[in-house]
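[1] The following block contains a protein sequence and its predicted model.
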Amino acid sequence: LNNALKAFKELGIFVLGLDGDGDVSLPGLQLATEPVCIVVGSEGKGLSRLVRENCDQIVSIPIDSEMESLNASMAVGISLYEVSRQRPAR
């Protein structure tokens, strides 16, 4: 996976990791209109250290404080929707 992420970056694809403690909030993601690869970690453990280091940005999805977390498939679906929403219609 880490070799693939490095290859994506060499091709000009931004690698975004999903994590609850992300540096950037998904609604404010400026890279959403660029070519991106979204990486999600395992449920419970999240992104591994090496995968995290190979990401260009770590992105979080804002959720209500009463909700513990999102499962991986839900986080990916929300992220793909937001990226799609921010891209100009073709």
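    Now that the structure is in, tell me what you want to look at.
[2] Next, the distance between the ends of stretch 19-39.
    End-to-end distance of stretch 19-39 (Cα to Cα, to the nearest Å): 9 Å.
[3] which intervals of the chain have sub-threshold pLDDT?
    Across the chain, the ranges flagged by pLDDT under 70 are 66-69, 89-90.
[4] can you give me the strands in it?
    All strands of the chain, identified by DSSP state E, fall at 14-18, 24-25, 36-40, 57-60.
[5] can you give me the helices for the chain?
    2-10, 49-53, 72-86 (DSSP state H).
[6] Mean neighbour count and distance to Ser73 added to the strands of the chain, as CSV?
    For the C-beta atoms, the positions are set from N, CA and C on the backbone; glycine is no exception. Shown next, in CSV, are the strands of the chain (neighbours: other Cβ atoms under 10 Å; distance: least, Cβ to Cβ, whole Å):
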stretch, mean neighbour count, distance to Ser73
strand 14-18, 22, 11
strand 24-25, 12, 20
strand 36-40, 19, 8
strand 57-60, 19, 16
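[7] Show me the one of these that comes nearest Pro88.
    strand 36-40 (14.8 Å; Cβ to Cβ).
[8] I appreciate the help and will end here.
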